[in-house]
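J.: Okay, sequence plus prediction incoming.
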Amino acid sequence: MLMITGCVCILALFFVVAAEPVFLKAKLTYSDFSALNNRIKLLDKQIEAIRIAAGKDPNKEIQKQINLINSQSNDVESEIEAFTLSFVDAKQMGMLLNSIMDRYAGLVLKEVKNSPVTVVDIPGIDEPWLFRHSLFLKLEGNYLDVLEYVRQVEALPRKIQWDSLKFEITEYPAGELQVEVHTLSTSKEWLGA
């Protein structure tokens, strides 16, 4: 029994002196290995993220925004163009109003005046895009001819906007009509008188 106890003591002493430090070192090496392995995985993820980012065009998002803005700008331009096409062409407005007046023998043109072309402000658009062309007319005639003239102008398939309309009887049934109208266009040119 003493021999067994002696063997156990020698083994215990061997374990304390030689084996335990080896086991502790192995345990530390394993935890270091585990930490390094986790760090490698993290670095691999970062490398993959960098590869993906390097494969992307840095201007792609900006180009998408530019394309979107250009598309919206084209849409607005198309809407303005369609809107202005619903109006009488500024170059034809004076002739058109005069040709309607010629249908009524009782109407006489006394005065025609172009007002200067003005820019219509459109929110969000810096450049002058839309122009207002105004025309002043003074006619003389009887009330019924004047009334029919106004109805004919209103019935035109393309619009003319009324700014003012004033009829004063000078000598019954004759009177004087003063009209200021305008049209809109994308052209600054004003040749309509």
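T.: On my side now, so go ahead.

J.: what about Leu42, which helix or strand?
T.: According to DSSP states H and E, Leu42 maps onto helix 20-55.

J.: Now the following helix or strand past that helix: buried residues?
T.: Per DSSP H and E, helix 20-55 leads on to helix 60-85 as the next helix or strand towards the C-terminus. For helix 60-85, the neighbour count (16 or more other C-beta atoms under 10 Å) marks 80, 84 as buried. Every C-beta, even on glycine, is put in place using the N, C-alpha and C of the backbone.

J.: Can you name every helix or strand that helix 60-85 contacts?
T.: Judged by 3 or more C-beta pairs under 8 Å, 6 or more residues apart in numbering; DSSP states H and E, helix 60-85 is in contact with strand 174-185.

J.: hmm, who's touching stretch 140-152?
T.: Residues outside stretch 140-152 that contact it (C-beta atoms under 8 Å, 6 or more residues apart in numbering) are 100-101, 103-104, 106-108, 110, 139, 165, 167, 169-170, 173-177.

J.: Tell me how far that stretch lies from the chain's centre.
T.: Relative to its chain's centre, stretch 140-152 lies at 44 Å (C-alpha atoms, centre = their mean, to the nearest Å).

J.: Can I get it in PDB, CA atoms only?
T.: Taking Å, rounded to 0.1, in the frame of the first residue of the first chain, the C-alpha atoms of stretch 140-152 are listed here in PDB:
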ATOM      1  CA  GLU A 140     -66.200 100.900 -81.600                       C
ATOM      2  CA  GLY A 141     -69.600  99.400 -82.500                       C
ATOM      3  CA  ASN A 142     -73.000  98.600 -81.300                       C
ATOM      4  CA  TYR A 143     -73.500  96.500 -78.200                       C
ATOM      5  CA  LEU A 144     -74.800  93.400 -79.900                       C
ATOM      6  CA  ASP A 145     -71.900  93.200 -82.400                       C
ATOM      7  CA  VAL A 146     -69.500  93.700 -79.500                       C
ATOM      8  CA  LEU A 147     -71.200  91.000 -77.500                       C
ATOM      9  CA  GLU A 148     -71.000  88.600 -80.400                       C
ATOM     10  CA  TYR A 149     -67.300  89.500 -81.000                       C
ATOM     11  CA  VAL A 150     -66.600  88.600 -77.400                       C
ATOM     12  CA  ARG A 151     -68.500  85.300 -77.700                       C
ATOM     13  CA  GLN A 152     -66.500  84.400 -80.800                       C
END
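
J.: For that stretch, the averaged confidence score.
T.: The average pLDDT within stretch 140-152 is 92.

J.: So for that stretch, what gets flagged as buried?
T.: Neighbour count says stretch 140-152 has 140-142, 145-146, 148-150 buried, by 16+ other C-beta under 10 Å.

J.: So which of those belong to helices?
T.: When DSSP state H is applied, the buried residues of stretch 140-152 are split such that 145-146, 148-150 fall in helices.

J.: So, low pLDDT: which residues of the chain?
T.: Applying pLDDT under 70 to the chain flags the ranges 7-37, 54, 190-193.

J.: From Val88, how far off is the nearest residue to Leu85 once chain neighbours are set aside?
T.: Spatial nearest neighbour of Leu85, excluding adjacent residues (C-beta to C-beta, 6 or more residues apart in numbering): Arg158 at 7.8 Å. Distance of Arg158 to Val88, given as C-beta to C-beta, to the nearest Å: 5 Å.
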